[in-house]
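>>> The following block contains a protein sequence and its predicted model.
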Amino acid sequence: MIFLSVVLLSRLVVADEPEKTKPGELFRVQDDRPVLLVTVEQLKKLGIEVFESKRLKLFSDIDPTIAKTLPPLVDQAYVAWEEYFGKLPPARDESEFQINGFLIKDKSKFEKSGLLRANLLDEFHGRQVGYQFWMMDQAKDYYRRHLLLHEATHAFMWAIPNLNVPYSYLEGMAEHFGTHQLIDGKLQMRLMPFNRADFRGHDRLFLMRRDVKQRGSPELLDIIDWKPANFQALNESYAWAWGQSIFLDENPRTRKRFRKLATSLANPIAWRTFELELKPDLSEIVTEWNLFAADAWEGFDFQRSAIEFHDGQRLTKPERMELRADRGWQSSRVLVEKDRRYEIVATGQFTLAEKPKPWISEADGVTFRYHNSRPLGQLLTTIRPAMKADDEREPMLDVKQLGNKSVFAAPRSGTLYLRLNDHPGELAENRGSVTIEIREAE
C-alpha cells in the first residue's frame, strides 16, 4: 500500500518592499492554492491523474476519457463568466487565473495522497474553498458537469475583490451557470431546462413544484436573506436560490438591473444599490415571482409570461379587449368590485399547437389535454387588488375557471386579469386571440 505524506505550502508573494496600490486600482483576490509536494508519478501510482487546461487543473481518479474532457469546459465557462460579470482584475503577480479541482470516485485515494481535507465531503457532493474545489463523482454525465461548473463558478466569483452579496446570490448564480447544454463540444450556460431528459440530475424545477405543494413557495425577499444554515438544512434551498437567479436574470422587468448588478460586484455596495433600484416596482416583481414559483415548469417562457400591469377603471359601460393566446396574464383594465356579479363573454378561435395537426380551440378549452387540472385553452381569470397585506397569500394565485360565456361574483375588489390556459413553456406555439366583452351581470 502506498501512503504519501504531503506537505502543503501556501503560495507567498515575496517582494523587497510592500507593493502600494494606486487609488482606484483593483487586483483579484490572491491565489491561495498550496504548492503540492507530490509528483504526478506518485499520484498516478495511487490511481489519481492530473488533467490541465488554462483555467483548471483537475485531479481525478475517474475514467480518464471522461476526466480529460472537463478542464476545457471550464476554459469555455471562464469566457462566459467574464462576458456576464466583466473581466476579473489582474493578479498582483500578473499570473493567469487558474483553479484546482478534485473530482473523486474513491475518497481513500485522496486521503492517502493528502489531497482531501478532513471531513470536507462528509455531508456535501461538492465544496469550494478559495481557488480550489472538491466534488464527488456523479452517476449522470450531465450532473457531473453541472456540479463541476457550479463549484468552478464559486471559485471565479470568490476571486472578485470586495464581493459583498447575499449567500443565496452566490449559490443561485453557481446553479445558474451550472445549468448548461453541451452541443458538439460547445458549452451553453444559464439555461432554463426545456425537458428532464437532457438535464438528468438537475431536478430543480421538480423540487420547487414539490415544495410548493408541501409548504408553499418562499417569498422572494425571504430567499435573499437566507444564510448558509438554510442550505445545510434543506436541499430545496439550492433549487429556490437557482429559481430566484434565473427569474431575476430572465424576467423582462428585472433583467437589465440584475445584469447591471453582475458587472459591478467589485463595488461593495453593489447589492444595496440593486435593492434600492428594485423598490419602485417591487410589488409587481414580487407578484411575477409568486406566479413563476407556483407554475415553474420546464421551458418556462419568461418573455411571454411577463405581465404588463395596468390598473383598472370601474365599468360604466361594457368593455372589450383582445386576449392573446401566446401570452400569460393580461390586464382587462377593468376594476371589479367585491361581491358584484360580472358577465364575461369570449368569442373567436385560436390555435394551441400546429403539430401533429393544428389544435383549434375556443375559450371553453380542449378536454383531451390539461394543465394544472384545467382544460388547455380554457379562459381563466384572477383579480389583483390595489394593495395586499404583508402576510397575505398572493391574490393572483386565486384563479377562477370561465369559458365562452360565464357569470361570476368578484371575491375581492381589484383589476381583472385574464388568460387562456396553457403550459408556460408552450406559449410560443400559440396563435390568435379571442375577443372578450365584460359587463355587469343583470
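Yep, it's here. Numbers count the residues shown, from 1 in each chain.

>>> Now for residue 70, how many residues are close by?
Residue 70 sits with 21 neighbouring residues when counted by other Cβ atoms under 10 Å. All C-beta atoms are positioned from the backbone trio N, CA, C, and that covers glycine.

>>> what's near enough to touch it?
Residues near residue 70 by Cβ atoms under 8 Å, 6 or more residues apart in numbering: 51, 56, 58, 101, 103, 144, 145, 148.

>>> what's the distance between it and residue 309?
Residue 70 sits 45 Å away from residue 309, taking Cβ to Cβ, to the nearest Å as the criterion.

>>> Could you point out the longest helix of the chain?
helix 141-158 (DSSP state H).

>>> mind listing the helices for the protein?
With DSSP H applied, the chain shows helices at 40-45, 64-67, 70-85, 107-113, 141-158, 167-178, 204-215, 220-224, 228-233, 236-250, 255-262, 270-278, 282-294, 302-305, listed in chain order.

>>> Just the angle for the fifth one relative to helix 70-85, thanks.
Pointing back at helix 141-158 there. Helix 141-158 and helix 70-85 are oriented at 50 degrees to each other (axes from the mean of the first three to the mean of the last three Cα atoms, to 10 degrees).

>>> pLDDT score assigned to the residue lying closest to residue 374 once chain neighbours are set aside?
Spatial nearest neighbour of residue 374, excluding adjacent residues (Cβ to Cβ, 6 or more residues apart in numbering): residue 421 at 5.0 Å. Per-residue pLDDT puts residue 421 at 98.

>>> Touching, residue 421 and residue 364? I think so.
No - in this structure, residue 421 is not within contact of residue 364 by Cβ atoms under 8 Å, at 10.7 Å.

>>> Find residues that contact each of those two.
Going by Cβ under 8 Å, 6+ apart, residues that sit against residue 421 and also against residue 364 are 375, 377, 378, 379.

>>> For the longest helix of the chain, buried residues please.
Going by neighbour count (16 or more other Cβ atoms under 10 Å), the buried part of helix 141-158 is 142-158.

>>> list the helices and strands that helix packs on?
Identification of packing neighbours for helix 141-158 by 3 or more Cβ pairs under 8 Å, 6 or more residues apart in numbering; DSSP states H and E yields helix 70-85, strand 99-104, strand 126-129, strand 132-136, helix 167-178, strand 180-183.

>>> Tell me the strands beside the fourth one, with direction?
Looking at strand 132-136 with DSSP bridges, its paired strands and their directions are strand 99-104 (parallel), strand 126-129 (antiparallel).

>>> Would you single out the least confident of those?
Among the strands paired with strand 132-136, strand 126-129 carries the lowest mean pLDDT (a mean of 92).

>>> buried ones in that strand?
By neighbour count on 16+ other Cβ under 10 Å, the buried set for strand 126-129 is 126, 127, 128.

>>> Pull out the CA atoms of it and give them to me as CSV.
The C-alpha coordinates for strand 126-129 follow below in CSV (Å, rounded to 0.1, in the frame of the first residue of the first chain):
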residue,chain,number,x,y,z
GLY,A,126,-19.1,19.4,-3.6
ARG,A,127,-17.3,22.1,-1.7
GLN,A,128,-15.3,25.1,-2.9
VAL,A,129,-12.6,26.9,-0.8
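
>>> And that strand, how far out from the chain middle?
Averaged C-alpha coordinates place strand 126-129 at 20 Å from its chain's average position (Cα atoms, centre = their mean, to the nearest Å).

>>> what angle sits between the longest helix of the chain and helix 167-178?
Angle, helix 141-158 to helix 167-178, by the same axes, to 10 degrees: 130 degrees.

>>> could the helices of the chain go into TSV alongside mean pLDDT and distance to residue 132?
Shown next, in TSV, are the helices of the chain (pLDDT from 0 to 100; distance: least, Cβ to Cβ, whole Å):
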stretch	mean pLDDT	distance to residue 132
helix 40-45	94	16
helix 64-67	98	17
helix 70-85	98	13
helix 107-113	91	12
helix 141-158	98	7
helix 167-178	98	15
helix 204-215	93	25
helix 220-224	94	28
helix 228-233	87	19
helix 236-250	97	21
helix 255-262	98	24
helix 270-278	97	26
helix 282-294	96	34
helix 302-305	98	35
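
>>> Adding distance to residue 190, write these out as CSV.
Shown next, in CSV, are the helices of the chain (distance: least, Cβ to Cβ, whole Å):
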stretch, distance to residue 190
helix 40-45, 34
helix 64-67, 24
helix 70-85, 8
helix 107-113, 31
helix 141-158, 10
helix 167-178, 5
helix 204-215, 13
helix 220-224, 18
helix 228-233, 20
helix 236-250, 7
helix 255-262, 11
helix 270-278, 18
helix 282-294, 16
helix 302-305, 12
